[in-house]
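[1] sequence below, structure please.
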Amino acid sequence: MSPSAEATPGPSSPEIEADVRPTFHEQFAHHAAERGDVDAIIDATGVIAFAELESRTNQLARLFAQEGVGEGDFVLISTPVGSLMMLSAIAAWKIGAVPMPVSDRMVQGELNAIVELGRPALAVDTTDRSIAVPRLTDVRGAERLSDAPLPAVVAPQLKVPTSGGSTGRPKLILSGAPADPASIAQLGLAMGVPEHGICLITAALSHNAPFSDALAALTLGSTTVLMERFDAETALQMIEQHRATWVYAVPAMMQRIWKLPDEVKFGYDLSSVETFFHVAAPCPQWLKREWIDWLGPEVIYELYGPTEGQAATTITGTEWLEHPGSVGTAKVGEVSIRDESGRELPVGEIGEVWLRRGAGEPPSYHYLGARAESADDGWETVGDIGRLDEDGYLYLTDRRADMLLVGGVNVYPAEIEAAVDRHPAVLASCCVGLEDPELGKVPALVVETADGEVPDDLDDFLTEHLSRVKRPRRVVGTTRPLRDAAGKIRKREIKTELLGG
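    Below you'll find the predicted structure:
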């Protein structure tokens, strides 16, 4: 997710104008001077205060420069250690370079393709994979270098996230904006991130949304607590322990937490949470209602928008109760629903979701390794299906590539997965289409459970929640995690691995 600087502030800080400087050099020097002893980053490796953050990123920037990194170069960063990810990113900006976060779980073939596309000047990579560029497996060499401020430069892009899981082809998404604190601060405000708060990031920073949110929190002077790997009860423990005021999550995490035993789930004090922010995938309506009932509608806050950042919608829990199932109204850019010929559809009709930047705004991104699906008038689509209501609220149905035509009936796997995920034994589910000689396609299902077995009552359960045409014809159980750290499912891989095609 990457809304532009014009995004409106979030629900917890509607009137705040962020206290920001023109460059990250000045911003973090300001925090070091004003909030030096305040915790900046907390993760499994320890605590880094704002003064130490300033000092260490100056040293690390000099180490990168010694390794040959210059203005505009990419620095690949791949590590499960959240503090190292953020230190490396800030250091890159301080010499005008562009951070390129990459999952430490990316397989060698994917990594090779990403490196070939981006040609980074340096890799900070703590894994045991091979990589065909100069590499640092640790950054201890920076400790001997000066921690004095560096000359202020501004990187031409803020970041270059990777993508490609849905298409099978890797691509890089270069942000359209330079690396300046003002745009990232406004992004944070649009997501409800507070100034001088305590923010818990529950997902790996190699993914775009948690990376952007962690950066926004630090830019706004908030203590940023990072989880290396999500665990449902640990997340609740960390909220209570650190008195988190803002929490990042995705619906898959919300479901894992909700399915904890009541005595565990309700045993932690979450009263500090002012904004519970969820993103990355549509949230099933039943799950959203449970969380609204639990934390209160004024706390729950959702954003929808692709990594490319052409547009974004937001919705509060209070709004959602009035427009159940919606992902909100456009706060960045514009949204249109169109048919296959590109014709704009009337209110209430389902079609493809098209997005466009606001009038006069520069492009929010450009690809390396792919081309956008776009129209001549600036509208673009990433393949989501949905509708708009009479008040301009957007409702997502599914992805275009995932929709199944079953005997002439449009069947949306997301609807099936939402029903399946309500079963108490199901941790996650993945619905895909299988070829059928009579119906064209039929839904098939993979369910993740604790023992890898399909629950005995699943068929009866789904009979109560789904019409016959939507019920899966084949169901397979697994203990394999179906969702990655960002809460997304790679359906192509799961279909090949577990359903044989």
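[2] where are the low-confidence patches of the stretch 251-400 of the chain?
    Scanning the stretch 251-400 of the chain for pLDDT under 70 picks out 360-367, 369-376.
[3] mind listing the strands in it by residue range?
    All strands of the stretch 251-400 of the chain, identified by DSSP state E, counting those that start in this stretch, fall at 275-278, 300-304, 312-316, 329-332, 334-338, 351-356, 365-368, 373-374, 380-381, 384-388, 394-399.
[4] could these go into JSON lines alongside mean neighbour count and distance to Val264?
    (Each C-beta comes from the backbone N, C-alpha and C, glycine too.) Below are the strands of the stretch 251-400 of the chain laid out as JSON lines (neighbours: other C-beta atoms under 10 Å; distance: least, C-beta to C-beta, whole Å):
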{"stretch": "strand 275-278", "mean neighbour count": "24", "distance to Val264": "18"}
{"stretch": "strand 300-304", "mean neighbour count": "25", "distance to Val264": "21"}
{"stretch": "strand 312-316", "mean neighbour count": "24", "distance to Val264": "28"}
{"stretch": "strand 329-332", "mean neighbour count": "22", "distance to Val264": "36"}
{"stretch": "strand 334-338", "mean neighbour count": "19", "distance to Val264": "39"}
{"stretch": "strand 351-356", "mean neighbour count": "23", "distance to Val264": "38"}
{"stretch": "strand 365-368", "mean neighbour count": "16", "distance to Val264": "41"}
{"stretch": "strand 373-374", "mean neighbour count": "14", "distance to Val264": "45"}
{"stretch": "strand 380-381", "mean neighbour count": "20", "distance to Val264": "42"}
{"stretch": "strand 384-388", "mean neighbour count": "21", "distance to Val264": "35"}
{"stretch": "strand 394-399", "mean neighbour count": "21", "distance to Val264": "31"}
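[5] among the ones you listed, which is nearest Val115?
    Closest of those to Val115 is strand 365-368, at 11.8 Å (criterion: C-beta to C-beta).
[6] sorry, back to before: now the strands of the stretch 251-400 of the chain as CSV including distance to Val469?
    Formatted as CSV, the strands of the stretch 251-400 of the chain follow (distance: least, C-beta to C-beta, whole Å):
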stretch, distance to Val469
strand 275-278, 30
strand 300-304, 28
strand 312-316, 30
strand 329-332, 32
strand 334-338, 24
strand 351-356, 21
strand 365-368, 37
strand 373-374, 29
strand 380-381, 27
strand 384-388, 17
strand 394-399, 15
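[7] can you say which of those strands is nearest to Arg140?
    strand 365-368 (31.9 Å).
[8] show me where the chain has its helices.
    For the chain, applying DSSP state H gives helices covering 24-35, 50-66, 82-94, 108-118, 181-190, 208-219, 232-242, 251-258, 262-265, 285-295, 317-322, 413-420, 458-465, 491-499.
[9] for this structure, which spans come out with low pLDDT?
    Within the chain, the stretches with pLDDT under 70 are 1-18, 164-169, 360-367, 369-376, 408, 485-486, 501.
[10] point me to the residue sitting closest to the centre of it.
    Of all residues in the chain, the one closest to the mean position by C-alpha atoms, centre = their mean is Ala209, 3.3 Å from it.
[11] that one contacts His278, correct?
    No: between Ala209 and His278 there is no contact under C-beta atoms under 8 Å: 10.0 Å.
[12] which neighbours do these two have in common?
    Tyr248 (C-beta atoms under 8 Å, 6 or more residues apart in numbering).
[13] what's the closest of the strands of the stretch 251-400 of the chain to Gly118?
    For Gly118, the closest of the strands of the stretch 251-400 of the chain is strand 365-368, at 6.5 Å, according to C-beta to C-beta.
[14] nearest residue to Ala179 other than its sequence neighbours?
    Leaving out its chain neighbours, the residue that sits closest to Ala179 by C-beta to C-beta, 6 or more residues apart in numbering is Ala155, at 4.0 Å.
[15] please disregard the earlier target; I meant Gln66.
    Leaving aside its chain neighbours, Gln66 sits nearest to Leu145 (7.9 Å; criterion: C-beta to C-beta, 6+ apart).
[16] against Leu60, how distant is that neighbour?
    As judged by C-beta to C-beta, to the nearest Å, Leu145 and Leu60 stand 8 Å apart.
[17] neighbour count winner among those two?
    Relative neighbour count places Leu60 above the other of Leu145 and Leu60, with 26 against 15, counting by other C-beta atoms under 10 Å.
[18] surely the more buried one meets Arg140?
    No: using C-beta under 8 Å, Leu60 is not in contact with Arg140; the gap is 10.5 Å.
[19] what's the neighbour count on the residue nearest to Asp180 when sequence neighbours are not counted?
    Spatial nearest neighbour of Asp180, excluding adjacent residues (C-beta to C-beta, 6+ apart): Val154 at 6.1 Å. Around Val154 there are 15 other residues, counting by other C-beta under 10 Å.
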